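Undergrad: can you look at this prediction? I've put the sequence above it.
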Amino acid sequence: MYLRNVDVLMGYFARRCRDPHTVADLTSETFVRGMAGFARFDPRRGSDRAWLFGIAARVFARHCEQSAGDRDAVARLGGRRALDEDEIEELAERIDAERDGAALMQRCARLPPVEQAAIELVDLEGLTPKDAALALGISGVAFRKRLSRARSRLRKEYQGHE
């Protein structure tokens, strides 16, 4: 499960963060939480990737809340493992590679958060609508409506700028 999903989860976090250490930390935390809750994973409900994206979304939300809390920088850095130069370079390259995806997410900034997530999970991460709905904790019908609405809004905005 790790090998199949680590790259897409790093891409998910690389579109949101510019610091390689943060990308590595959030990716690791997602897998740690996944291991801790693996007993609750039900493959009949959706793929392991969709399940991990649900965890990743909560990990990132928690990260944002903590960052906004203006914590002491020393306390935040205390639990970090120092990355070696090769790891930093690899993650920096990954962050650069995700710029197109980040640009799409910036164009989606005026969409409601659930529509932004729909575009990202299906169009950038390649999840099926069923798996993306599972990751977001909504029904497949509701998800498909939101995805269709989001794509329509983006098309209208793009056509309006031509």
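TA: Yep, it's here. A quick note: this is a predicted structure, and the numbers were derived from the prediction, not measured.

Undergrad: does residue 20 really touch residue 93, like I thought?
TA: No - applying Cβ atoms under 8 Å, one finds residue 20 not in contact with residue 93, separated by 9.4 Å. Quick note: C-beta positions are derived from backbone N, CA and C, even for glycine.

Undergrad: overlap in contacts of those two?
TA: Residues touching both residue 20 and residue 93 (Cβ atoms under 8 Å, 6 or more residues apart in numbering): there are none.

Undergrad: more neighbours, those two?
TA: For residue 20 and residue 93, the more surrounded residue by other Cβ atoms under 10 Å is residue 20, and the numbers stand at 20 against 12.

Undergrad: residues contacting that one?
TA: 83, 87-88, 91-92, 94-95.

Undergrad: what about the spatially closest residue to it that is not a sequence neighbour, how many neighbours?
TA: Excluding the flanking residues, the one nearest residue 20 by Cβ to Cβ, 6 or more residues apart in numbering is residue 91, at 3.3 Å. Using other Cβ under 10 Å, residue 91 has 22 other residues around it.

Undergrad: can you name the helix or strand that residue 91 falls in?
TA: helix 85-97 (DSSP states H and E).

Undergrad: buried residues, that helix. List them.
TA: 91, 94-95 (16 or more other Cβ atoms under 10 Å).

Undergrad: hey, where'd the helices end up in this structure?
TA: For the chain, the helices defined by DSSP state H occupy 2-14, 20-36, 48-68, 73-77, 85-97, 99-107, 113-119, 129-136, 140-160.

Undergrad: just say which of the ones you listed is most tucked in.
TA: Highest mean neighbour count among the helices of the chain (mean count of other Cβ atoms under 10 Å): helix 129-136, with a mean of 22.

Undergrad: tilt between that one and helix 48-68?
TA: 40 degrees (axes from the mean of the first three to the mean of the last three Cα atoms, to 10 degrees).
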